[in-house]
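S.K.: let's see this in three dimensions:
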Amino acid sequence: MNSELVILVLVIVTGLGFDFTNGFHDTGNAMATSIATGALKPKTAVAISAVLNLVGAFLSVAVALTVTNSVVKIQQSSGPHKGLPVGSMTENHGHALLVIVFAGLIGGIVWNLLTWLLGLPSSSSHALFGGLIGATIAALGMSGVVWNGHGAQLDGVVGKVILPALISPVIAGIVAGVGTWIVYKVVAGVASKFTESGFRIGQIGTASLLSLAHGTNDAQKTMGVITLALIGYSWDDKNATGMFAWHNLHNIPLWVKVACAVAIASGTYIGGWRVIRTLGKGLVEIHSPQGMAAEAATATVVLVSTGMGFALSTTHVATGSILGSGVGKPGGKVRWNVAGRMLAAWVITLPCAAVVGAIMWEIGDRIPTVGPYVMFVILLALAGYMYRRAQQQKIDSNNVNADWDDKTHSITPPKTPANA
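M.R.: Residues are numbered from 1 along each chain as shown. A predicted model of the protein is given here:
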């Protein structure tokens, strides 16, 4: 097995690892409100979400093609393939693309794990794009990134990533807020036990639709990244066929779809309980009518955006919807301090992941031969450290709905003679 093939295997494994973290990091987007209101038991919720994420991953490839074509600038010619025409690696474009993808994935995974450890529902999508953008700039300069499309097209990083990030949570919040207000007006005077019961049933449907929508959008991103890696591996082979063919810029191999669908579904089933807790208990003391309105608004925005190929953050959309549901409920309470921490995480996600991606590129580029292996070891070490830290205050299906502590932004400590 030659060294480039080993690097390709490491990139694919890391890509599926990112998809796995994407799954458990974003489970709360679909199921946090249903778990918080008791519409679904925690383990049942993540199982349903996992199955529907798996199904949703096969319904569209529009977002995957956005990742493949709209981040790293790849050029083709009628003769030998020419791409990545600037930077320090012009004599080995394929290797450069492999290392860029590898570094970008590490940036995404590290940020995902850090925000999961802190219980912050930040964007897995922006972590991935940040890592890729940082690695690309480090390798090729600013001109190596596809910033804008041609003419009036909504393309490139600005049109397909940044604009949806700014607009989608606002739209979702407005829709959820108005929907919540209407719901409470309609059911005013009806016994609360009947409305709660009915809306809990409705939540099961809307949460399921949202899980399906999440699969159509988030699972696609790793498909696009792995396809980029396959293209990098076969860069200098003008006659490459099958899964290495350059036509994969516009087509995702079936095995990539299957592998990514299984990876994100597996991560979803594990359940990112720390993030689920923040979304379900930390932002709003949520009730079933709010949960149903928030889930319906999020699913609508995500599905429409997927059809347009926008690689948006389902986390941003879900959070905007939950905040909107808190504002829309008469007398509803929103913990704006928690929302502020989340907003801060949103703002720094892309640049922080970009810094990690750039550092990883430098390691891979400057350490001859073994650079990619060093990158992989660093990733494993950081992941292991954060996992061990998470075990010091474990959150799982048994305590995900425990009372929220405003001082620690976590589990309310048990009463003892000292603090009773």
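
S.K.: dump the residue contacts of Ile363.
M.R.: Contacts for Ile363 (C-beta atoms under 8 Å, 6 or more residues apart in numbering) come out as 371, 374-375, 378. C-beta here means a position set from N, CA and C on the backbone, and glycine is covered the same way.

S.K.: in the one helix or strand it maps to, what's buried?
M.R.: Ile363 belongs to helix 336-366 when assigned by DSSP states H and E. For helix 336-366, the neighbour count (16 or more other C-beta atoms under 10 Å) marks 338-339, 341-342, 345-346, 349-350, 352-361, 363-365 as buried.

S.K.: ok so Asn401 is a helix residue?
M.R.: No - under DSSP: H, G, I helix; E, B strand; the rest coil, Asn401 sits outside any helix and is assigned coil.

S.K.: give me the neighbour count for it.
M.R.: 16 (other C-beta atoms under 10 Å).

S.K.: helix, strand, or coil at Gly280?
M.R.: Secondary structure assignment for Gly280 (three-state DSSP): helix.

S.K.: residue contacts, it?
M.R.: By C-beta under 8 Å, 6+ apart, the neighbours of Gly280 are 28, 32-33, 35-36, 286, 400-401.

S.K.: what sits closest to it if chain neighbours are left out?
M.R.: Ala36 (3.3 Å; C-beta to C-beta, 6 or more residues apart in numbering).

S.K.: tell me which residues of the helix or strand the one you found falls within are tucked away?
M.R.: Per DSSP H and E: Ala36 is located in helix 3-37. Buried residues in helix 3-37, defined by neighbour count with 16+ other C-beta under 10 Å: 4, 7-8, 10-12, 14-37.

S.K.: burial measure for Ala381, as a count.
M.R.: Other residues near Ala381 number 10, with proximity taken as other C-beta under 10 Å.

S.K.: relative to Met375, how far out is it?
M.R.: Distance of Ala381 to Met375, given as C-beta to C-beta, to the nearest Å: 11 Å.

S.K.: likewise Thr136?
M.R.: Separation of Thr136 from Met375 (C-beta to C-beta) stands at 16 Å.

S.K.: now swap in His316 and tell me
M.R.: 29 Å.

S.K.: ditto for Val400
M.R.: 34 Å.

S.K.: so which of the two has more stuff around it?
M.R.: Neighbour count, other C-beta under 10 Å: between Val400 and Met375, Met375 has more, with 24 against 21.

S.K.: my read is that one is in a strand, agree?
M.R.: No - applying three-state DSSP, one finds Met375 to be helix, outside a strand.

S.K.: list the contacts for it?
M.R.: With C-beta under 8 Å, 6+ apart, Met375 has these contacts: 102-103, 106, 360, 363-364.

S.K.: hang on, Lys257 packs against Phe58?
M.R.: Yes - if you go by C-beta atoms under 8 Å, Lys257 and Phe58 touch, sitting 6.2 Å apart.

S.K.: same question for stretch 130-138, mean pLDDT?
M.R.: The pLDDT scores in stretch 130-138 average 91.

S.K.: how far is that stretch from where the chain is centred?
M.R.: Offset of stretch 130-138 from its chain centre (C-alpha atoms, centre = their mean, to the nearest Å): 17 Å.
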